[in-house]
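Engineer: Task: produce atomic coordinates for the following.
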Amino acid sequence: MIFVEKTTYMVDGCEEPCFEVNNGYAMVRIAKMYHYFGKNTLAMSEYLNGEWNSSDEWEGDFDQLTEYNAMLLAKKFSAYLR
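Structural biologist: As a prediction, the model looks like this:
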């Protein structure tokens, strides 16, 4: 079963919004990146058993994401969520 939560995390000393998509083993965090690259860039980070595994930048507007769309993006990003 996959769980999706809209929450926050700390980055560079600031609390930032994100979606966390989790199945108990793999977790993908989807966060805003427009502080650095522009409004339509998402930070995709994958963690396996709580340890960082990979990250990438994807195109998308965080403010337009729903929990369902966040889950679909996370499944595309992580083979461990499929």
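Engineer: Please identify the buried residues of stretch 55-74?
Structural biologist: Going by neighbour count (16 or more other C-beta atoms under 10 Å), the buried part of stretch 55-74 is 60, 62, 65, 70-71, 73-74. Where C-beta positions appear, they are placed from N, C-alpha and C, glycine not excepted.
Engineer: wait, which of these is closest to residue 45?
Structural biologist: residue 74 (10.2 Å; C-beta to C-beta).
Engineer: so what does the helix or strand harbouring that closest one touch, helix or strand wise?
Structural biologist: Assigned by DSSP states H and E, residue 74 belongs to helix 67-77. On a contact count with 3 or more C-beta pairs under 8 Å, 6 or more residues apart in numbering; DSSP states H and E, helix 67-77 meets strand 3-11, strand 14-22, strand 26-32, strand 41-48, strand 51-59.
Engineer: outside of that helix, which residues touch it?
Structural biologist: Defining contact as C-beta atoms under 8 Å, 6 or more residues apart in numbering, one finds that helix 67-77 is touched by 2, 4, 6, 19, 21, 28, 30, 42, 44, 46, 56, 58, 60, 65, 81-82.
Engineer: 6 Å - rerun?
Structural biologist: 4, 19, 21, 28, 30, 44, 81-82 (C-beta atoms under 6 Å, 6 or more residues apart in numbering).
Engineer: what's the farthest-apart pair in those?
Structural biologist: Using C-beta to C-beta, the contacts of helix 67-77 reach their maximum pairwise distance at 19 and 82, which is 17.3 Å.
Engineer: For the two, indicate the residue with more neighbours.
Structural biologist: Neighbour count, other C-beta atoms under 10 Å: between residue 19 and residue 82, residue 19 has more, with 22 against 10.
Engineer: which residue sits closest to the more buried one in space, ignoring its chain neighbours?
Structural biologist: Of all residues not flanking residue 19 in the chain, residue 70 sits nearest, at 3.9 Å (C-beta to C-beta, 6 or more residues apart in numbering).
Engineer: can you check residue 81 too?
Structural biologist: Spatial nearest neighbour of residue 81, chain neighbours left out: residue 75 (4.8 Å); criterion: C-beta to C-beta, 6+ apart.
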